[in-house]
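S.K.: I would like the atomic coordinates for the input below:
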Amino acid sequence: MKRLYFIALSAIFISFSVHAIDLEYPKTEQDLILAISELNYEIVPKIYSFRNAHQGYDLPEGWMILSGQDARKFLFYTNGSDNFRDVSAVAISDDFTYQLIFSYFDEGYIDDSDWEKLDSDDLMQGVIESTLEANKTRTANGVAELNVQGWVKEPTYDRARDVALYVIKAESEGESIFNSIALKLGKEGFTRITLVGPSDSSQESSETLTAALDRHSFDDGYLYSDYEPGNRVAGIGLASLVALTAGSKNGKGIAAGLMATLLIFAKKLWFVIFIPFVFLWDKIKNKFRNNP
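M.R.: Purely as a prediction, here's the structure:
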């Protein structure tokens, strides 16, 4: 059964607890649209600092941003579950074509020395197998199966930006879906930036994500390059982190010996794909136009 909001589909099939947010989910579609439209949207182009994350985002003209609890509520309303407890902010283009979800994980410094161990082919096979397993639960819950079709962009590591980036293509009910993820490294953790956008414009989506990366920055003293020996280090390398966030639960493409460590992270770093229902967003946009 289709729902009247974004469906969040987990391709990591490792169980995690879902904590309910302190509000009741809207009972009708109209109540849902009203709840989304009444959130505290900021529209002034400037740098918005992320609370307790030592970073910020330079909001461009033609975009709006939700921070903190407003960002979390937005994702709760549009996904139906409170799986985004680490979200710092959500930036949305004013035509609702794109969303950028910023989630900060204060896990310590991520060592990138294992990057060369990542095997993209093995990793994709692990993602496909994990998705097939998760489809059993989707079917049981009345949710359409998800079929991963491969890389749009294989995992790459931009050392100048301290960013690992990949894009996966999937299909559900005949609709193409792109899951674009960037992991931006800092001294004390990393920010996962998820781009949600149209499925028919991979080039434009890539340019949008690249622009967002250039507008996002850690504060001075918290950059990846500010790491010094003795600072807290995460128990996971960058290649393994990419494998986990991409949805490989069986270890394929992951540096050997790290699966036990990955299980600690798995409760936070699930793989999320969004399926936008255009008719709902049209109604939300109309609500904004009628209530400037």
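S.K.: can we go C-alpha only for contacts and neighbour counts from here?
M.R.: OK.
S.K.: Quick check: phi and psi on Val242?
M.R.: For Val242, the backbone dihedrals (degrees, to the nearest 10) come out as phi -60, psi -40.
S.K.: pLDDT below threshold where in this structure?
M.R.: Scanning the chain for pLDDT under 70 picks out the ranges 1-23, 79-84, 137-138, 141-143, 198-200, 247-292.
S.K.: any idea where the strands of this structure begin and end?
M.R.: Assigned strands in the chain, in chain order: 7-10, 47-50, 55-58, 63-67, 87-93, 99-105, 109-111, 147-158, 163-172, 175-185, 190-196, 216-218, 233-237, 272-275 (criterion: DSSP state E).
S.K.: Columns mean neighbour count and distance to Leu39 on top of these, output as TSV?
M.R.: Listed next are the strands of the chain as TSV, based on neighbours: other CA atoms under 10 Å; distance: least, CA to CA, whole Å:
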stretch	mean neighbour count	distance to Leu39
strand 7-10	20	20
strand 47-50	18	17
strand 55-58	20	19
strand 63-67	22	8
strand 87-93	23	12
strand 99-105	23	15
strand 109-111	21	34
strand 147-158	17	34
strand 163-172	19	30
strand 175-185	23	25
strand 190-196	24	19
strand 216-218	21	23
strand 233-237	18	35
strand 272-275	21	21
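S.K.: Could you provide the ones you listed in a markdown table, with additional columns for distance to Gln203?
M.R.: Formatted as a markdown table, these follow (distance: least, CA to CA, whole Å):
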| stretch | distance to Gln203 |
| --- | --- |
| strand 7-10 | 24 |
| strand 47-50 | 26 |
| strand 55-58 | 22 |
| strand 63-67 | 19 |
| strand 87-93 | 17 |
| strand 99-105 | 16 |
| strand 109-111 | 29 |
| strand 147-158 | 10 |
| strand 163-172 | 11 |
| strand 175-185 | 11 |
| strand 190-196 | 13 |
| strand 216-218 | 20 |
| strand 233-237 | 29 |
| strand 272-275 | 18 |
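S.K.: Looking at these, which is nearest to Ile128?
M.R.: strand 147-158 (5.9 Å; CA to CA).
S.K.: Could you list the residues in contact with the closest one?
M.R.: Applying CA atoms under 8 Å, 6 or more residues apart in numbering, the external contacts of strand 147-158 come out as 120, 124, 127-128, 131-132, 163-172, 242.
S.K.: before we move on, the earlier item: looking at the strands of the chain, spot the one closest to Lys27.
M.R.: Comparing these by their distance to Lys27 (CA to CA), the top pick is strand 7-10, with 16.6 Å.
S.K.: Pull the number of nearby residues for Ser201.
M.R.: A count of neighbours around Ser201, defined by other CA atoms under 10 Å, yields 10.
S.K.: Roughly how far does it sit from Arg85?
M.R.: Summarising the geometry, the distance separating Ser201 from Arg85, computed by CA to CA, to the nearest Å, is 29 Å.
S.K.: Then Asp220?
M.R.: Asp220 sits 25 Å away from Arg85, taking CA to CA as the criterion.
S.K.: Show me which of those two is the more surrounded one.
M.R.: Regarding Asp220 and Arg85, a neighbour count based on other CA under 10 Å identifies Arg85 as having more, with 19 against 11.
S.K.: Chain neighbours aside, what residue packs nearest to that one?
M.R.: Leaving aside its chain neighbours, Arg85 sits nearest to Arg72 (6.8 Å; criterion: CA to CA, 6 or more residues apart in numbering).
S.K.: Does the one you found touch Phe102 like I think?
M.R.: No: in this structure, Arg72 is not within contact of Phe102 by CA atoms under 8 Å, at 10.6 Å.
S.K.: Can you pull the residues that touch both of those two?
M.R.: With the criterion set as CA under 8 Å, 6+ apart, the overlap between the contacts of Arg72 and Phe102 is 87, 89.
S.K.: Measure how buried Asp162 is and give me the count.
M.R.: A count of neighbours around Asp162, defined by other CA under 10 Å, yields 17.
S.K.: quick one: contacts for it?
M.R.: In this structure, Asp162 makes contact with 184-186, 224, judged by CA under 8 Å, 6+ apart.
S.K.: Of the residues you listed, just say which sits nearest to Arg192.
M.R.: Using CA to CA, Lys184 is the member of the contacts of Asp162 that lies nearest Arg192, at 6.4 Å.
S.K.: Check the gap between the residue lying closest to Ala53 once chain neighbours are set aside and Lys153 for me.
M.R.: Ranked by CA to CA, 6+ apart and with sequence neighbours excluded, the top spatial neighbour of Ala53 is Tyr104, at 6.7 Å. Here Tyr104 is placed at a distance of 23 Å from Lys153 (CA to CA).
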